[in-house]
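Enquirer: Any chance you can model this:
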Amino acid sequence: MGLDNRLVWIGHRMRTAGCSLLLLSSLLLVQLALATDLIVTSATATPGQQISLQVLLQPGSHVAGLKMTIGYDADVMTFVRADKLADANGMMYVVNDRQPGKLIVVMAGAKGVETPKVALLDLVFQIRQPIHTDMNTHVHLMDVEAKSDQLKSVPLQLRSGDVHIRSK
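Expert: Numbers count the residues shown, from 1 in each chain. I've put the predicted structure just below:
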C-alpha cells in the first residue's frame, strides 16, 4: 500500500470516528434534555413555624414506581407528616420516618404518571426553637430509584430544596 493510499485510509477512519463521536454527543444531549427532574421545593420560615415542601417530577415521563431517601437536619427541623397530592392519586405510598433526619419514601402505581409537572408529595416539617441567628439548611434527595410502567429504570436529575430560617 502506497503512502497516498494510507493517508486516504487514515483520513477516512478519522472522519468515521468524528461522525461517530458527533452522533454519540448528540444522543447524550437529547437524553439530558429528556431527563426527568425530581425536585424538592424550597421555603422560608421562622422558628416554631411549620413549613411544607413539595416533591415534584418534571416532566412526569411515565414514572410508576419511586423509592427515595430524603435527608434533613434533625437538629433544626422535625418531620411532621407526608401527604400524597392529587397528581399522584393513582399511586400508593409508604413513608418510613423512624430515623430522625432521614425519610424513606416508596411510591408505586400500576400506570406511570405522564404530565409536564407532577406534584407527588407534600412534606411537612416543624422548625425547632430556639434559633437565634438566620440560617440555611437543606432537604436533600440521597438515594433514589425510579421505574417506568414498563419496569425500566428512569434516569433522574435530583434537585434538593433549601430552607431559609429567619430568626425572630
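Enquirer: Which residues are in contact with the residue nearest the centre of the chain?
Expert: Geometric centre of the chain, nearest residue: L38, 2.4 Å, by C-alpha atoms, centre = their mean. Under the criterion of C-beta atoms under 8 Å, 6 or more residues apart in numbering, the contact partners of L38 comprise 55-57, 66, 68, 141, 144, 146, 156-159. (Glycine included, C-beta is placed from N, CA and C.)
Enquirer: Repeat the analysis, applying 10 Å as the threshold.
Expert: 55-58, 63, 66, 68, 118, 120, 141, 144, 146, 154, 156-160 (C-beta atoms under 10 Å, 6 or more residues apart in numbering).
Enquirer: Could you tell me how many residues sit around Y72?
Expert: Y72 has 24 neighbours, counted by other C-beta atoms under 10 Å.
Enquirer: So which bits of the lengthiest strand in the chain are buried?
Expert: Counting residues, the longest strand in the chain under DSSP state E turns out to be strand 135-148. With burial defined by 16 or more other C-beta atoms under 10 Å, the residues of strand 135-148 counted as buried are 137, 139-141, 146-147.
Enquirer: Next, format these as TSV and append distance to A88.
Expert: As requested, the buried residues of strand 135-148 are arranged in TSV below (distance: C-beta to C-beta, whole Å):
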residue	distance to A88
T137	26
V139	18
H140	21
L141	16
A146	13
K147	15
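Enquirer: any idea which of those residues is closest to R13?
Expert: When the buried residues of strand 135-148 are compared for distance to R13, the smallest value, 40.1 Å, is given by A146; criterion: C-beta to C-beta.
Enquirer: element containing the residue nearest to the centre of the chain?
Expert: Taking DSSP states H and E as the criterion, the element that holds L38 is strand 36-40.
Enquirer: Just checking: what are the partner strands of the helix or strand just after that strand?
Expert: Of the helices and strands lying after strand 36-40 in sequence (DSSP H and E), the nearest is strand 43-45. Next to strand 43-45 in the sheet, as set by DSSP bridges, lie strand 161-165 (parallel).
Enquirer: So, low pLDDT: which residues of the protein?
Expert: Across the chain, residues meeting the criterion (pLDDT under 70) sit at 1-4, 6-9, 11-12, 14, 16-34, 60.
Enquirer: I'd like to know which of the contacts of L38 are buried.
Expert: Among those, those scoring as buried are 55-58, 63, 66, 68, 118, 120, 141, 146, 154, 156, 160 (criterion: 16+ other C-beta under 10 Å).
Enquirer: Name the residues that touch stretch 149-158?
Expert: Contact partners of stretch 149-158, identified using C-beta under 10 Å, 6+ apart, comprise 31-32, 34-40, 57-58, 60-66, 68, 109-114, 140-148.
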